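> Take this sequence and fold it.
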Amino acid sequence: MDMGRSGRANGGVIPHTDIRARGWVAQLPQGCRPYALLMRLDRPIGAWLLFLPGLWAFAMAAPGWVEGLRLVLLFGLGAVVMRGAGCVVNDLWDRDLDRKVTRTAGRPLASGAVRPRQALAFLGALLAIGLAILLQLNPLCWLLGVVSLVPVVLYPLAKRVTDFPQAVLGLTFSWAAPMGYAAATGRLDAPGLALYGAAFLWILGYDTIYAHQDREDDALVGVRSTARRFGERTGPFLVFCYAGTVALMLLAGALAGMGPLFWPAMLLPAGVLAWQVRRLDIHDPALCLKLFQRNREVGLLVALAFLAGRL
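Residues are numbered from 1 along each chain as shown. I've put the predicted structure just below:
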């Protein structure tokens, strides 16, 4: 989920953009705005999607409401900070590519508003905040947190060497599921691993939809993706990803001993995923963005299903 490479810089028609340098970001001091945009604070959907697998884990396995709310607050802040850190890493890798595309040419690193040395210092500050949050969790989470940095660093490179960079992103963005489960229970066993698998397939699906916004421009600049790989066959690929997501969610619920309300409640997120497959038009970038964004609601509905299963 590169948060966008769409619109040609060399004179073609410029489609929609999801960059929002207005609103509360525009009210920040001028020197802070480039860093807010570098973190994608103008587009919180990425932080939501990073956070939601952790929310599933807390809804499924938190030992009580007080501890559950504490973990929600820690993981929520951690998602904003670490999503921002991931965006800095991504833009450091991609700044030369970003300059070639209208939609991304205005990014702080590509435009020169932030220099690479400044970005590295900012990245260090974000990682320090992330470490402070991580130290509030148990030692198993410390280990998982360190390991999670590997796919974060590798994702921008994956776009250059494989047709499945979305799989690397899936490994990264789904990490909150096993980490959240470990934070809630102090262990990592079958329910947490099933939840991780479900989150991985969910992300593989929704980021393929997202990548269809940029398919043509990615071909011009040499970026690879599952959107380019599957093209018109994306529908069957999404059926595979989303059916696997729901199946592994149900397996996680069964392994965790969810009560009877869990099963009908899972019909709601499953229905939204099916709606995405039905509505998808890979030639409509604005629709692809809309369908991608609806996954926040999918994630919240999954969390509600796990909560219902504990009643």
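> show me where the stretch 101-250 of the chain has helices.
For the stretch 101-250 of the chain, the helices defined by DSSP state H, counting those that start in this stretch cover 102-105, 108-111, 116-134, 139-147, 149-161, 165-173, 176-185, 190-211, 215-221, 226-230, 234-255.
> Let's have those helices in TSV, adding distance to residue 266 and mean pLDDT.
The C-beta positions use only the backbone N, C-alpha and C, and glycine is treated the same way. As requested, the helices of the stretch 101-250 of the chain are exported to TSV (distance: least, C-beta to C-beta, whole Å; pLDDT from 0 to 100):
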stretch	distance to residue 266	mean pLDDT
helix 102-105	36	70
helix 108-111	41	86
helix 116-134	30	95
helix 139-147	26	93
helix 149-161	28	80
helix 165-173	20	90
helix 176-185	16	96
helix 190-211	11	96
helix 215-221	32	76
helix 226-230	25	91
helix 234-255	6	97
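> looking at those helices, which is closest to residue 46?
Proximity to residue 46 (C-beta to C-beta) singles out helix 165-173 among the helices of the stretch 101-250 of the chain, at 8.5 Å.
> hmm, who's touching the closest one?
With contacts defined as C-beta atoms under 8 Å, 6 or more residues apart in numbering, helix 165-173 is touched by 1, 49-50, 53, 86, 148, 151-152, 154-155, 158-159, 162, 199-201, 203-204, 207-208, 211, 224-226.
> Whatever helix or strand residue 263 lives in: what's the following helix or strand?
Using DSSP states H and E, residue 263 sits in helix 262-265. Using DSSP H and E, the next helix or strand after helix 262-265 towards the C-terminus is helix 267-279.
> distance between that next one and the chain's centre?
19 Å (C-alpha atoms, centre = their mean, to the nearest Å).
> Report the rounded mean pLDDT for it.
Averaged across helix 267-279, pLDDT comes to 97.
> for the longest helix along the chain, which positions count as buried?
If you go by DSSP state H, the chain has its longest helix at helix 65-98. For helix 65-98, a neighbour-count test (16 or more other C-beta atoms under 10 Å) marks 68, 71-72, 74-95, 97-98 as buried.
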